[in-house]
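Visitor: Quick one, what's the 3D model for this:
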Amino acid sequence: MKLLITVLLKNNVGVVISSCNLNTIRNNNFIDNDKGLNFVYPITPTVNIIMENYWDKPRSLPKIIFGFKAFILPFPWILIDWHPAKEPYDIPRL
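Guide: Have a look, this model is predicted:
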């Protein structure tokens, strides 16, 4: 499934991924959110792709996104946007 998110601006949590698989989150602007992306995965394998998003400021290094895997107790896990956008996308607001 591809999520069309566009602009997430000034939210507590921009996007939450929970117990889902085979998603692509791409070409979005995450600006001035407490957390742009948050996730909790079950212990089973999941594959979600996070790529080419803008994260509050220009980045030349990958963006690390912190979240959790959960079985009985949650433990820290990360996702990585390996190629974050260097500038916000020009996305018209509706």
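
Visitor: Show me where the chain dips below the pLDDT cut-off.
Guide: Counting by pLDDT under 70, the chain shows low-confidence ranges at 1-14, 43-45, 93-94.

Visitor: all strands of it, in order?
Guide: Under the criterion DSSP state E, the chain carries strands at the ranges 2-3, 7-9, 13-18, 23-26, 29-31, 35-42, 48-51, 54-55, 63-70, 74-81.

Visitor: could you check the distance from the spatially most central residue of the chain over to Phe68?
Guide: Taking CA atoms, centre = their mean, the centroid of the chain lies closest to Leu37, which sits 3.9 Å from it. Leu37 is 13 Å from Phe68, where distance means CB to CB, to the nearest Å. Every residue, glycine included, has its C-beta placed from N, CA and C.

Visitor: cool, Glu87 as well?
Guide: Separation of Glu87 from Phe68 (CB to CB): 31 Å.

Visitor: about what we covered before: to Ile91, which of the strands of the chain lies closest?
Guide: Closest approach to Ile91 among the strands of the chain is made by strand 7-9 (5.3 Å; CB to CB).

Visitor: Run through the bridge partners of Phe39.
Guide: Following DSSP bridges, Phe39 is listed with bridge partners Ile17.

Visitor: Now do it: how many residues are near it, please.
Guide: The criterion is other CB atoms under 10 Å. On that basis, Phe39 has 23 neighbouring residues.

Visitor: so who does it touch?
Guide: The contact partners of Phe39, by CB atoms under 8 Å, 6 or more residues apart in numbering, come to 16-18, 48, 65, 67-68, 77, 79.

Visitor: Repeat that for Thr46.
Guide: With contact taken as CB under 8 Å, 6+ apart, Thr46 is in contact with 20-21.
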